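In: Generate coordinates for the sequence data below:
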Amino acid sequence: MIRVPLIASEGLIPTLIPAAFSIGLLVAGIKGLSLLLAASAVGIALFFRDPVRTVNAGNSDIVSPADGRVVAVDRKEEKKHLGGSSLRVSVFMSIFNVHINRIPAAARVVEVNHIPGGFKMAHLEEAGLENERTEIVLEDEKGRRSLMVQVAGLVARRIICRLAPGDHVKAGQRFGLICFGSRVDVYLPPEAEPTVSVGDRVKAGISVIGVMS
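Out: Okay, the predicted model is just below:
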């Protein structure tokens, strides 16, 4: 996969196109439109920024899958994939956050399902069940399963997930992104304990959002 340092591969073409037109217009002497396209290219590059991060998670730590604000920390019934009670932590990404999503803990990918749906405001409770989303089931070395859900929002219309069943992943590993803001929900086994509260700001792959007992 082609990757320029600090920019996600999916952002290369959207960044280079307005940048190239900007240079062409500048050469042609059309400075106003050239500056506008240059600003557009910078804005797109900033959206797709992919900073290098050092992951220092302990064996029992669960790190945040996304940058943003914690909008939910609660106990939920998740019968579809986990068969019962779970700890849910939801992180909302605004358009200004880094949008690279990362793996919460070392695991094996069991399922990856993309589900069509609506595009309600991502911070709403019902968005996790009604919006377009990608559901990823993970299983750790002890056989404990967790669920991660990339949820599209009002503006976000493209979910990118590079995972496939059978993949073995590490805590903090990049796996995808959601274009132009949204949220990621993590459903953990019932024995997990949260280490964040609603309103906390977190960073993907760095902030610990929970621990496994």
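In: For A20, grab the count of nearby residues.
Out: Neighbours of A20 under the rule other Cβ atoms under 10 Å: 12. For every residue, glycine as well, the C-beta is placed using N, CA and C.
In: How about A39?
Out: 12.
In: my hunch is that it is in a helix, does that hold up?
Out: Yes - assessed by DSSP: H, G, I helix; E, B strand; the rest coil, A39 belongs to a helix.
In: can you tell me which residues contact it?
Out: The contact partners of A39, by Cβ atoms under 8 Å, 6 or more residues apart in numbering, come to none.
In: Walk me through the domains of the chain.
Out: For the chain, automatic domain parsing gives the domain ranges 6-50, 61-212.
In: mind putting these in TSV, mean pLDDT included?
Out: Shown next, in TSV, are those (pLDDT from 0 to 100):
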stretch	mean pLDDT
domain 6-50	82
domain 61-212	88
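In: most tightly surrounded among those domains?
Out: Ranked by mean neighbour count, the domains of the chain are led by domain 61-212 with a mean of 19 (mean count of other Cβ atoms under 10 Å).
In: start to end distance for that one?
Out: 7 Å (Cα to Cα, to the nearest Å).
In: Kindly report the same for stretch 71-88.
Out: End-to-end distance for stretch 71-88: 10 Å, by Cα to Cα.
In: How about stretch 194-209?
Out: Start-to-end span of stretch 194-209 (Cα to Cα) is 6 Å.
In: what does it rub up against?
Out: For stretch 194-209, the surrounding residues in contact (Cβ under 8 Å, 6+ apart) are 53, 55-57, 61-73, 87, 89, 91, 98, 100-102, 104, 171-173, 186, 210-211.
In: That one: how far from the chain's middle?
Out: 13 Å (Cα atoms, centre = their mean, to the nearest Å).
In: ok, now stretch 169-184?
Out: Centroid separation for stretch 169-184 versus its chain: 3 Å, with Cα atoms, centre = their mean.
In: Find the nearest non-adjacent residue to P190, please.
Out: Nearest residue to P190, sequence neighbours excluded (Cβ to Cβ, 6 or more residues apart in numbering): S85, at 4.4 Å.
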